[in-house]
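[1] Take this sequence and fold it.
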Amino acid sequence: MVSMGDRGLKSLIICTSIHHENTLKIGMVIAEVIGAEIVRPLDIDPSQAAAYDLLGFGSGVYYGNLHSSIREFVERLPQSRGKRVFIFSTSGLPKIPLLHDYHRSVRETLRMKGYEVVGEFTCRGLSDHGPLKWLGGVNKGRPNEYDLRDARKFAEKLLHSLR
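    Below is the predicted model of the structure:
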């Protein structure tokens with residue numbers, strides 16, 4: 001399960017991607033750059049996180065928050081002393097800084113447990129949840145090539161900052 005690629009970091013991404021695999025698409029780009037494997041939260045015990053130098057947590061946004069499986073996984077993580085982590089998400093709605101902080105609960109839990117959040121990324125994703133289904137959804141074709149390019153840039157910047 002440990003993947004080091006040629007980057008020298010043992011990296012793992014824990015990702016929940018449910019409806020259209022929007023978040024998984026972003027996670028795959030990040031994983032390629034940093035040399036990480038991607039697993040679902042149910043496929044790994046939180047105690048195994050200690051084996052990694054870098055952890056990523058990704059999810060779609062549901063009612064203004066990351067998926068409950070990610071939040072519950074993070075709550076079950078052991079205490080840490082500065083282990084580096086990052087968070088990423090896809091959302092039907094744009095992130096408006098004063099109104100939306102999709103990562104807040106996960107970020108705060110990670111920090112309270114001693115993890116160092118070294119980066120965050122979010123982009124739009126196709127959503128046809130609830131009443132949006134009747135409209136044919138929003139953000140068709142997202143994440144698109146520009147979102148994937150931005151995810152790659154995020155991962156490259158993240159990797160560079162960890163060297």
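[2] Pull out the buried residues from whichever helix in the chain runs longest.
    The residue-count maximum for a helix in the chain (DSSP state H) belongs to helix 145-162. Neighbour-count burial for helix 145-162 flags 147-148, 150-151, 154-155, 158-159, 162 (criterion: 16 or more other Cβ atoms under 10 Å). Just so you know, the C-beta spots here come from the backbone N, C-alpha and C atoms, and that holds for glycine as well.
[3] Need these in JSON lines (columns: distance to A36).
    Listed next are the buried residues of helix 145-162 as JSON lines, based on distance: Cβ to Cβ, whole Å:
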{"residue": "D147", "distance to A36": "19"}
{"residue": "L148", "distance to A36": "16"}
{"residue": "D150", "distance to A36": "18"}
{"residue": "A151", "distance to A36": "13"}
{"residue": "F154", "distance to A36": "13"}
{"residue": "A155", "distance to A36": "9"}
{"residue": "L158", "distance to A36": "11"}
{"residue": "L159", "distance to A36": "10"}
{"residue": "L162", "distance to A36": "12"}
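[4] Nearest to D101 among these?
    Out of the buried residues of helix 145-162, the one with the shortest distance to D101 is F154. That distance is 17.6 Å, counting by Cβ to Cβ.
[5] How much space separates the closest one from G119?
    7 Å (Cβ to Cβ, to the nearest Å).
[6] Same check on V29?
    From V29 over to G119 the distance is 14 Å, taken as Cβ to Cβ.
[7] One more: I38?
    Distance of I38 to G119, computed by Cβ to Cβ: 17 Å.
[8] what's the answer for S47, then?
    In this structure, S47 and G119 are separated by 24 Å, where distance is defined by Cβ to Cβ.
[9] neighbour-wise, which of those two wins?
    Of the pair S47 and G119, G119 is the one with more neighbours under other Cβ atoms under 10 Å, namely 19 against 10.
[10] In contact with the more buried one, which residues are there?
    86-87, 154, 157-158, 161 (Cβ atoms under 8 Å, 6 or more residues apart in numbering).
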